[in-house]
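Visitor: Pasting a predicted model and its sequence here:
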Amino acid sequence: MHGRIALVLTGVMVVAGCATQSVGNVQPAASTTASVASVAPEPTEASPAATEVAEAPTLAPTPNVILVTPTPTPAGPATYKVGDAITVTESGSDWAKITITDVKIVGSYKGSYYTDKPQTRGNVFIQAKVTYEALQDGVDYNPFDWQVFCAGMAVNNTTFLMNAPKPELDSGKLPNGRKATGYVVYEVPGKGEVRMSYGGNIFSNSGPVFEVIIRAA
């Protein structure tokens, strides 16, 4: 009997020894904790304040920045200089070619019996030769196609002279390929930019088609 008890006790001790060795081969709790700590934590829902900062960060104002909204201005008529050959179109087709040449400032026009002088003291005469070339049939030409401005102010377009330069610009219609030419004379102030503004009879209901600067300011 005592021999069996001793044998049983010996077996228990052997089993206990094997169990202790197996536990000793398991990684310690500290290592397990370190391994878990190295794994990224599950994302959590951000608070409204944190989300707002992340999506729309507050930027510092830029100094010395002025925002200006430009005001559109209407485009004026095309502007040309003396000697330019200006093509006028009608309904998308070339209608006529108009040229202003031989511009001259004159204090008076002397004749055999009479001298033409400006009506207003300090004014002068300015003359210009206008040439029309028809690019299709039925081109109108007329001295009243023009309005004259000095320093932006309209001047009298009906200056009648006894001794005006010849030929004077007449009125009429041209067939395709034909020309008409003649002088126009205006009384203008002695200083200031002078422009001849072309409207034309066929454009009477619209603004100027173009302008020619015949004297600089």
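Guide: Looks like it arrived, so ask away.

Visitor: in the strand ranked longest in the chain, what counts as buried?
Guide: Longest strand in the chain by number of residues (criterion: DSSP state E): strand 93-106. For strand 93-106, the neighbour count (16 or more other CB atoms under 10 Å) marks 95, 96, 97, 98, 99, 100, 103 as buried. C-beta coordinates here come from the backbone N, C-alpha and C atoms, glycine included.

Visitor: and the residue lying closest to residue 123 once chain neighbours are set aside, how many neighbours does it have?
Guide: Sequence neighbours aside, residue 187 is the residue nearest to residue 123 in space, at 5.1 Å (criterion: CB to CB, 6 or more residues apart in numbering). For residue 187, the neighbour count with other CB atoms under 10 Å is 21.

Visitor: give me the element residue 187 is part of.
Guide: strand 179-189 (DSSP states H and E).

Visitor: hang on, the earlier thing: possible to save the buried residues of strand 93-106 as TSV with pLDDT and distance to residue 214?
Guide: Listed next are the buried residues of strand 93-106 as TSV, based on pLDDT from 0 to 100; distance: CB to CB, whole Å:
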residue	pLDDT	distance to residue 214
95	95	22
96	96	19
97	97	18
98	97	13
99	98	12
100	98	7
103	98	5
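
Visitor: what packs against the longest strand of the chain?
Guide: With contacts taken as 3 or more CB pairs under 8 Å, 6 or more residues apart in numbering; DSSP states H and E, strand 93-106 sits against strand 85-90, strand 123-134, strand 210-215.

Visitor: Figure out which of those is closest to residue 78.
Guide: Comparing the helices and strands packed on strand 93-106 against residue 78 with CB to CB, the closest turns out to be strand 210-215 (4.6 Å).

Visitor: one step back: make CSV out of the helices and strands packed on strand 93-106 and add distance to residue 79 and mean pLDDT.
Guide: Below are these laid out as CSV (distance: least, CB to CB, whole Å; pLDDT from 0 to 100):
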stretch, distance to residue 79, mean pLDDT
strand 85-90, 10, 94
strand 123-134, 15, 97
strand 210-215, 5, 96
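
Visitor: Show me the shaky parts of the protein.
Guide: Residue ranges of the chain with pLDDT under 70: 1-75, 201-205.

Visitor: ranges for the helices of it?
Guide: Using DSSP state H, the helices assigned to the chain run over residues 2-25, 29-37, 48-55.
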